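Trainee: Could you work out the structure for the sequence below:
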Amino acid sequence: MQAHNVRTLAGRDKHRHALRQYVIGFLASIVLTLAALWVGFAHGLPAGPLLLVLLLLAVLQIGVQLFLFMHITEGDGPPVHSLAIALAFLFTFVFVAGSLWAMSFHYMVA
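Mentor: So this is what the prediction gives:
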């Protein structure tokens, strides 16, 4: 009976830790997204530093997603981690390159 209680308490602690991790990840994602919006809409930086700050915020957002939501530290081994990180960087590159490509059409219309 006592072993069952220990497992139940361990399960509750694990559940609380996971819930805490999701809440922290969610709040960090919101803060990083709002920071990127504020930096982009404030028009306080020239284009080069603005791009650098936005890329830094994007990399931080990737870290939050990988470690707090995708549980990159929990898995079957290093190949899984490497694949997940490679896919994250590929998706980021595609989103950034696609966004820059789509935004470049503004100059053709104007």
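Trainee: going forward, measure contacts and count neighbours with C-alpha atoms only.
Mentor: Fine.
Trainee: tell me the helices in this protein, going along the chain?
Mentor: 2-42, 47-64, 78-103, 105-109 (DSSP state H).
Trainee: which one of these is the most hemmed in?
Mentor: Here the criterion is mean neighbour count by mean count of other Cα atoms under 10 Å, and of the helices of the chain the winner is helix 47-64, at a mean of 15.
Trainee: Reformat the helices of the chain as CSV; add distance to H71.
Mentor: As requested, these are exported to CSV (distance: least, Cα to Cα, whole Å):
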stretch, distance to H71
helix 2-42, 10
helix 47-64, 10
helix 78-103, 9
helix 105-109, 38
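Trainee: Now do T92 against I62, distance only.
Mentor: Using Cα to Cα, to the nearest Å, T92 is found at 8 Å from I62.
Trainee: Excluding chain neighbours, give the residue nearest to L54 in space.
Mentor: A36 (6.1 Å; Cα to Cα, 6 or more residues apart in numbering).
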